[in-house]
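*Asks:* Using only what follows, build the 3D model:
(one chain, ligands or ions: 1)
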Amino acid sequence: MEGVLWKWTNYLSGWQPRWFILESGVLSYYKSQEDVNNGCKGSIKMNACDIKVHPTDNTRLDLIIPGEQHYYVKAAQPQERQSWLIALGSAKAKYSQPSAQEPSAGIVAVELPADIMRTKRSELRLYCDLLMQQVHSVKQSITQPAKAGEGEGEGGQKAVPDVEKLNDATSLLSATCDTFIHTLDDVMKLVQDITSPTDVAMLSPKRVSTSTSNSRVSISRSNSTDKPARNRQSSGSVEGAHQVKPRQRSRASSDGSHSDVSLSEHISSSLPSKEAQLAGNQSVFSRETTPTSNSQSPAGKEATPLSSSQPAVSKMGTVVEQRISENAATAADKPVSNGQNVAPEDADGADDFKDAIDSRIPTFFSVMPVSFVTVQVLEDGNIPVQPFLDACRELVPIFDKLNSTAFAPVKMDFSGNIRKIQQKQTSAIAGGSPGYPSLQAMVLAEVTARQNINSSSATVALRWLKRGLEFIREFLREVCSGGPDLSECASNAYSRTLKNYHGWVVRGVFAVAVKALPYRSEFLRHLAEGECDTESQHYVHSLMNDMEVFLKHMNAVILVIDDFYSHHQLDIQEQV
Ligand SMILES: CCCCCCCCCCCCC/C=C/[C@@H](O)[C@H](CO[C@@H]1O[C@H](CO)[C@@H](O)[C@H](O)[C@H]1O)NC(=O)CCCCCCCCCCCCCCCCC
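*Replies:* Residues are numbered from 1 along each chain as shown. Next up is the predicted model:
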C-alpha cells in the first residue's frame, strides 16, 4: 500500500506531507512520490513497532518503537487511516511470525504459541482502541446536530443527527468489528491447538490460519433495496426534460490521422476464419517492440485501418474474437424497450453510441470524451499506452459520484496505478525516447531489465489495474442484469475477482466500501448527464444500452491484457 500521510516533524515545521510505501513489512517514507527514486527519508520495520490510534483524532495513528522512536502520522480522512491501520496491522501480524523471517540455512522458524498470542494480543488491543474511537464518533454524530447552531428546534424538538457522518462512522465500525472477530477466531484456533496439541500442529510454522469464518458482527441495514431517495428527481416526462447534447467523442487518433477502429471491432473483424487461425500459430507476442531511439512513437504510429491490417493470428485473437462475438450476440439479441436493438457491430465504435447522439438520453458512458471504445489496437495487436490510461482515468470521477469517503482507499489505489504507468511513459519520453508504443512493450522492457517485480513497477501497477477493471466489469454486468441490490452486485463481482487476491484484512476495506454503496436507483441517477427523469424506462434502457456497449469494449481490452499476462506468466497469484 502507498499514499500520502502527514508526518509530525517538529514544532517548527509541524505536520508535513510525506509519501509512504508499505512493502514486505517495512514502512518507508519519502519527501514526495516524485522523490521515491532519490531514496527514502526513513523506514520502520512493522514487526518492531506498536501501532496506536489517537484517542480523539480519528485521522491520526502513532507508530512507537519501544524505547526508541515515536512516529506520529495523520491521514486525510478517517477512512484512509482505517486502510492504513488495516494494512499496517496485517503487515505487523504477517512479518512478526518467525516463519515470515528468512529461515537461516536449513532451520525452519517455528512459531511458539506465546509469539502468536503476543501478536494477536497487540492486534486485538489496536482494534479495541479503534472500536472505542469509532463508537465515540457514532455517539458524536448523533449528539452533535447536523448543522452548527441547530440545537433544539422550535417547540423543543430534538436536534437532527448528522446522517452522513453517522453512515461513515457506522460503516467503519462494522468493518473493524469484522476484523476484530477474525482475530478472535485466530486466537480461538490457537487455544484449541494448545489445549489439544498434535506434534505436527505444535511444530508447523503456519499454525494459526486466518479464518474466513462467517461469524460476522455487522451493523445490519434495513432490508429494503431502496432507501428513501435523498433528492428525488421531479417525475416530469422525458420530453419536458432538458436534453444535454453529449460532447462529440474524439475519433481521430492522437496524431490527427484518420479515425481508427476500436479494439473490439478490429479484433473481431480482422481475424481470419477459424481454419486460417488454426493453421497460423504465430503469436502477436512474438513481434513485441520496446522503446528504442528509433522506434515509432505512439503519436507517429498509425493505428492499422481495419481493411489492410495483418490478421492478429493468435490463440489470444481466437479467444478474444470468441468472447466478443458472444458479447455482441447477447447484446444484439437483447431488444431495448424503446424498440431499438443494440446498434449492430459496426466498422468502428462510434455507431455503438449512435443513438446517444441522436435520440438517446446522454449518460456517464455516452458523453465520455475518451473510453475503451477509443482504445485503438496497434498493428502488433497491442494496446497503446496513452489511450488506455486516458480511458481508465475517465472512470475515476465515478468514485466521487458514489459520494462517500469509504471509497477513498479504492480511488487512491486505482488512480495510483494509472499514475505509475503514466509516470513510466512520461519518464521515457523525458529521457528522449518516443515512449513505449504499447503497454505490452512497457511491461516487457521491465521484464528484460528485471524491474517487473517491485511495487512501483508498471508491471505490478498494470496487473492491479487490470484486476480493478475486471471487478468493474463484473460489477457492471451484475448491474446490467438487473441486480436490485448494489451490495450484492458488488459482493458477487468481488467474489469472482479481487477477493482471490485479498487477505481478510483488505477484505475489511471492501466491507466498508460495500456498506457505503448507494441504492440502485440512486446509483443509476448518478450516471445521468444533465437533467432527465432518471426513473423513466427510457432513461434506464438508454443507460443499460450504453453500459453494455461500454462493457463490450472494456472487456475486449481486459482480455488482451489478461492473455498477455497469462502468456508471460506475469499474473502472480499473490494475496495482499
Ligand atoms: C461498486 C463499488 C464497490 C467498491 C469496492 C471496490 C473493491 C475494493 C476492494 C478493496 C480495495 C482496497 C484498497 C486497495 C487495496 C490494495 O492493497 C490492493 C493491492 O494494491 C496494490 O499493491 C501493490 C503492492 O503489493 C502495488 O504495487 C499496487 O500499486 C497496488 O495497487 N489493490 C487492489 O486490490 C486493487 C483494488 C482496485 C479496486 C478498483 C475497483 C473500482 C471500483 C469502482 C467503483 C464503482 C464502479 C462502478 C461504476 C463504473 C462506471 C464506469
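*Asks:* three-state assignment of the closest residue to residue 499 other than its chain neighbours?
*Replies:* Distance criterion C-beta to C-beta, 6 or more residues apart in numbering; nearest residue to residue 499, sequence neighbours excluded, is residue 507 at 6.7 Å. Using the backbone N, CA and C atoms, a C-beta is placed for each residue, glycine as well. Under the three-state scheme (DSSP: H, G, I helix; E, B strand; the rest coil), residue 507 adopts helix.
*Asks:* Residue 507 - how many residues pack around it?
*Replies:* If you count neighbours by other C-beta atoms under 10 Å, residue 507 ends up with 18.
*Asks:* what's the answer for residue 42, then?
*Replies:* So residue 42, with other C-beta under 10 Å, has 12 neighbours.
*Asks:* Contacts only, for it.
*Replies:* 28, 29 (C-beta atoms under 8 Å, 6 or more residues apart in numbering).
*Asks:* The chain should start at 53 in everything you say after this.
*Replies:* All right, first residue 53 from here; so that's residue 94.
*Asks:* Relative to residue 117, how far out is it?
*Replies:* Distance from residue 94 to residue 117, counting by C-beta to C-beta, to the nearest Å: 11 Å.
*Asks:* Likewise for residue 80?
*Replies:* Distance from residue 80 to residue 117, by C-beta to C-beta: 15 Å.
*Asks:* Among those two, which residue is more densely surrounded?
*Replies:* residue 80 (18 against 13).
*Asks:* and the helix or strand hosting residue 563 with the ligand, contact?
*Replies:* Per DSSP states H and E: residue 563 is located in helix 556-567. Yes - using C-beta under 6 Å from any ligand atom, helix 556-567 reaches the ligand at 558, 561, 562, 565, 566.
*Asks:* Now do that helix, average pLDDT.
*Replies:* Looking at helix 556-567 alone, the average pLDDT works out to 91.
*Asks:* how about it as PDB, C-alpha atoms only?
*Replies:* Extracted in PDB, the C-alpha atoms of helix 556-567 (Å, rounded to 0.1, in the frame of the first residue of the first chain):
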ATOM      1  CA  TRP A 556      -9.100 -10.900   5.200                       C
ATOM      2  CA  VAL A 557      -7.600  -7.600   6.300                       C
ATOM      3  CA  VAL A 558      -8.000  -5.900   2.900                       C
ATOM      4  CA  ARG A 559     -11.400  -7.600   2.600                       C
ATOM      5  CA  GLY A 560     -12.300  -5.400   5.600                       C
ATOM      6  CA  VAL A 561     -11.700  -2.400   3.400                       C
ATOM      7  CA  PHE A 562     -14.100  -3.900   0.800                       C
ATOM      8  CA  ALA A 563     -16.600  -4.500   3.600                       C
ATOM      9  CA  VAL A 564     -16.500  -0.800   4.400                       C
ATOM     10  CA  ALA A 565     -16.900   0.300   0.800                       C
ATOM     11  CA  VAL A 566     -19.800  -2.000   0.100                       C
ATOM     12  CA  LYS A 567     -21.700  -0.700   3.100                       C
END
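*Asks:* For the helix or strand following it, list every residue counted as buried.
*Replies:* Using DSSP H and E, the helix or strand that follows helix 556-567 in sequence is helix 572-578. By neighbour count on 16 or more other C-beta atoms under 10 Å, the buried set for helix 572-578 is 572, 573, 574, 575, 576, 577.
*Asks:* So which elements touch the helix holding residue 563?
*Replies:* Using 3 or more C-beta pairs under 8 Å, 6 or more residues apart in numbering; DSSP states H and E, the elements in contact with helix 556-567 are helix 130-148, helix 215-247, helix 460-482, helix 538-548.
*Asks:* do the last one and the ligand meet at all?
*Replies:* Yes - where contact is defined by C-beta under 6 Å from any ligand atom, part of helix 538-548 touches the ligand, namely residue 542.
*Asks:* got the CA coordinates for stretch 527-547 in CSV?
*Replies:* Only the C-alpha atoms of stretch 527-547 are listed here, as CSV (Å, rounded to 0.1, in the frame of the first residue of the first chain):
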residue,chain,number,x,y,z
PHE,A,527,-20.0,-5.3,-11.2
LEU,A,528,-21.5,-3.6,-14.3
ARG,A,529,-22.5,-7.0,-15.6
GLU,A,530,-24.4,-7.6,-12.4
VAL,A,531,-26.0,-4.1,-12.7
CYS,A,532,-26.9,-4.7,-16.3
SER,A,533,-28.5,-8.0,-15.4
GLY,A,534,-30.8,-6.0,-13.1
GLY,A,535,-29.4,-6.9,-9.7
PRO,A,536,-31.7,-4.9,-7.4
ASP,A,537,-29.2,-4.6,-4.5
LEU,A,538,-25.8,-3.0,-5.4
SER,A,539,-24.2,-4.5,-2.3
GLU,A,540,-25.0,-7.9,-3.7
CYS,A,541,-23.8,-6.9,-7.2
ALA,A,542,-20.5,-5.7,-5.7
SER,A,543,-20.1,-8.8,-3.5
ASN,A,544,-20.8,-11.2,-6.4
ALA,A,545,-18.3,-9.2,-8.6
TYR,A,546,-15.8,-9.1,-5.7
SER,A,547,-16.0,-12.9,-5.2
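*Asks:* No more questions from me, cheers.
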